[in-house]
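*Asks:* Sequence and predicted model, in that order:
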Amino acid sequence: MPESPHDRSDMGRLTRAEVQELNRRKVLEAACEEFGERGFRDAKIDRIAERAGLTRGAVYSNFPGKRALYFAVLADLAARAPASPPPASVDTVGEALGALARARVARFPLSGDDDQHDNPARDLPSVVLADAQTRQPYAQLLKLDAIVLGLALEGMARGRGAERLVPVAEAVLTLLHGADQLAAAAPGFADPFQVVAACEQLAALAPGGDWAPPHLPYVPKARPVDEAWSPPPSTDALRGGAVGLADDGVVAVLGLHRLEAVEEAVRAAAPGSTVTAVLVTGEPGELGPLARLTVAELGAGLRQAFPERAWPQVRLVHDELGVLAAAAGVSAVSDATETAVRVQGGRVVARAEGRGACYAAATAAPGGRH
């Protein structure tokens with residue numbers, strides 16, 4: 001077995017990058033213990049540094065602040081959670097929602113159960129709510145969750161006609177998030193069996209009807225271009241595997257305030273086209289981990305509740321360093337970024353920026369013609 005850098009006793013043999021990664025891992029493990037034992041409010045950076053055997057400066061060299069470190073801990077836990085097998089037999093929307101709910105309520109603490117005090121995630125709602133800087137991105141991340149979940153529900157309901165089930169997904173997520181918070185605040189109060197039954201019943205909720213945001217008729221058309229397209233290797237954060245960005249379709253670079261625009265690309269794209277949402281942010285140190293946490297939990301929920309045939313043709317790629325955005329021609333990113341390109345035959349054939357860019361790129365004629 002090859003020698004692991006973490007197993008070397010001679011720290012002088014480690015490269016600078018290896019030392020930084022080793023220290024980062026030590027900080028994450030120490031912070032997980034600190035947040036689990038004391039909660040976010042009472043956790044202290046000095047104690048985390050002491051637990052990790054590092055200096056306070058070493059903690060801040062890896063994470064810009066306590067909140068960023070907290071989000072990074074939760075994202076790391078979500079990424080390292082054991083993968084769940086796909087459902088054995090799920091054939092209807094109601095069954096999929098029941099499977100999704102059962103996976104969620106399995107985490108509920110029981111009445112008198114002290115394990116909740118070791119759960120670092122228990123403070124996530126209050127941490128997010130404390131600052132508008134986190135509330136708006138988190139709202140859009142949950143909107144993205146609802147869109148992807150709704151598309152998966154539509155994949156399960158293909159025999160029911162062209163129903164938009166994103167509103168059903170929003171109702172389900174509202175119920176599950178509310179039940180999560182109530183279970184944490186009052187262990188034993190929320191009956192998990194009733195929560196599951198309620199989610200299953202939401203399958204009968206009236207669909208969302210026509211989908212037509214009011215700004216779409218006024219969106220400028222995408223500009224036809226003929227540009228090289230050489231995207232870097234990327235990973236689909238939903239499925240966990242490499243993503244083929246050279247495939248024909250739409251690549252949308254979206255800041256964390258504009259994630260709901262991905263549905264415009266999905267609804268407008270030609271059948272069989274792929275849609276890739278590239279998630280960027282102006283605060284990668286803090287909001288990047290929050291995005292990774294939310295998407296990782298979404299992917300886990302899909303794996304636990306939906307057969308692969310129902311998964312939507314949407315890929316989500318994290319791009320905290322802006323490398324993929326730069327390949328798409330976006331030189332500077334922010335949480336308000338919305339740029340989309342149409343890829344065809346391995347080249348960019350249409351480009352659009354600003355509100356409505358996803359719709360414009362998706363509706364661009366083949367070859368960039370209009």
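*Replies:* That came through fine. Residues are numbered from 1 along each chain as shown.
*Asks:* distance between the longest helix belonging to the chain and the chain's centre?
*Replies:* Across the chain, the longest stretch assigned as helix under DSSP state H is helix 16-42. Relative to its parent chain, helix 16-42 has a centroid offset of 22 Å by Cα atoms, centre = their mean, to the nearest Å.
*Asks:* Okay, angle between the helix or strand following it and helix 16-42 too, please.
*Replies:* Toward the C-terminus, helix 16-42 is succeeded by helix 45-52 as the next helix or strand (DSSP states H and E). Counting by axes from the mean of the first three to the mean of the last three Cα atoms, to 10 degrees, helix 45-52 lies at 130 degrees to helix 16-42.
*Asks:* Quick one: name whatever helix or strand follows helix 45-52.
*Replies:* helix 56-62.
*Asks:* in that next one, what counts as buried?
*Replies:* Going by neighbour count (16 or more other Cβ atoms under 10 Å), the buried part of helix 56-62 is 58-60, 62. Where C-beta positions appear, they are placed from N, C-alpha and C, glycine not excepted.
*Asks:* Can you verify my assumption that Ala310 contacts Met156?
*Replies:* Yes: assessed by Cβ atoms under 8 Å, Ala310 is found in contact with Met156 at 4.8 Å.
*Asks:* out of the two, which sits in the busier spot?
*Replies:* Met156 (23 against 20; other Cβ atoms under 10 Å).
*Asks:* Let me know the distance separating the more buried one from Glu308.
*Replies:* Distance, Met156 to Glu308, using Cβ to Cβ, to the nearest Å: 12 Å.
*Asks:* go on, Ala364?
*Replies:* The spacing between Ala364 and Glu308, counted by Cβ to Cβ, is 30 Å.
*Asks:* Comparing those two, which residue is more hemmed in?
*Replies:* Under the criterion of other Cβ under 10 Å, the comparison of Ala364 against Glu308 puts Ala364 first, with 26 against 10.
*Asks:* ok, the nearest residue to that one once chain neighbours are set aside - contacts?
*Replies:* Spatial nearest neighbour of Ala364, excluding adjacent residues (Cβ to Cβ, 6 or more residues apart in numbering): Ala350 at 3.6 Å. Counting by Cβ atoms under 8 Å, 6 or more residues apart in numbering, Ala350 touches 222-225, 341-342, 360-361, 364, 368.
*Asks:* Highest neighbour count among those residues?
*Replies:* Ala361 (31 neighbours).
*Asks:* show me the contacts for that one.
*Replies:* Contacts of Ala361 (Cβ under 8 Å, 6+ apart): 222, 250, 252, 265, 340-342, 350-352.
*Asks:* Now for those residues: which two are most distant?
*Replies:* Among the contacts of Ala361, the pair separated by the greatest distance (Cβ to Cβ) is Ala265 and Arg351, at 13.5 Å.
*Asks:* Got the phi and psi for the closest residue to Gly65 other than its chain neighbours?
*Replies:* With sequence-adjacent residues excluded and distances taken as Cβ to Cβ, 6+ apart, Gly65 is closest to Glu286, at 6.9 Å. When read as degrees, to the nearest 10, the backbone of Glu286 gives phi -110, psi -50.
*Asks:* Can you report how many residues lie near Glu286?
*Replies:* 21.
*Asks:* Now do the contacts for it.
*Replies:* Glu286 touches 64-65, 67-68, 71, 133-134, counting by Cβ under 8 Å, 6+ apart.
*Asks:* please redo it, this time with the cut-off set to 10 Å
*Replies:* With contacts defined as Cβ atoms under 10 Å, 6 or more residues apart in numbering, Glu286 is in contact with 63-65, 67-72, 131, 133-134, 137.
*Asks:* Same question for Ala31.
*Replies:* By Cβ under 10 Å, 6+ apart, Ala31 lies in contact with 43, 45, 47-49, 51-52, 59, 63, 66, 69-70, 72-73, 76, 120.
*Asks:* from those, which two are the most distant?
*Replies:* Arg47 and Asp76 (18.7 Å).
*Asks:* Comparing those two, which residue is more hemmed in?
*Replies:* For Arg47 versus Asp76, neighbours defined as other Cβ under 10 Å are more numerous around Asp76 (20 against 16).
*Asks:* Quick check: that one is in a helix.
*Replies:* Yes: checked against DSSP: H, G, I helix; E, B strand; the rest coil, Asp76 lies within a helix.
*Asks:* ok so, going back, bridging residues for the residue nearest to Ala364?
*Replies:* Taking DSSP bridges as the rule, Ala350 bridges to Pro224, Arg342.
*Asks:* hang on, the earlier thing: pull out the buried positions in the longest helix of the chain.
*Replies:* Buried residues in helix 16-42, counted by 16+ other Cβ under 10 Å: 23-24, 26-28, 30-36, 39-40.
*Asks:* Please apply the same query to stretch 242-259.
*Replies:* In terms of neighbour count (16+ other Cβ under 10 Å), stretch 242-259 has its buried residues at 243, 245, 248-259.
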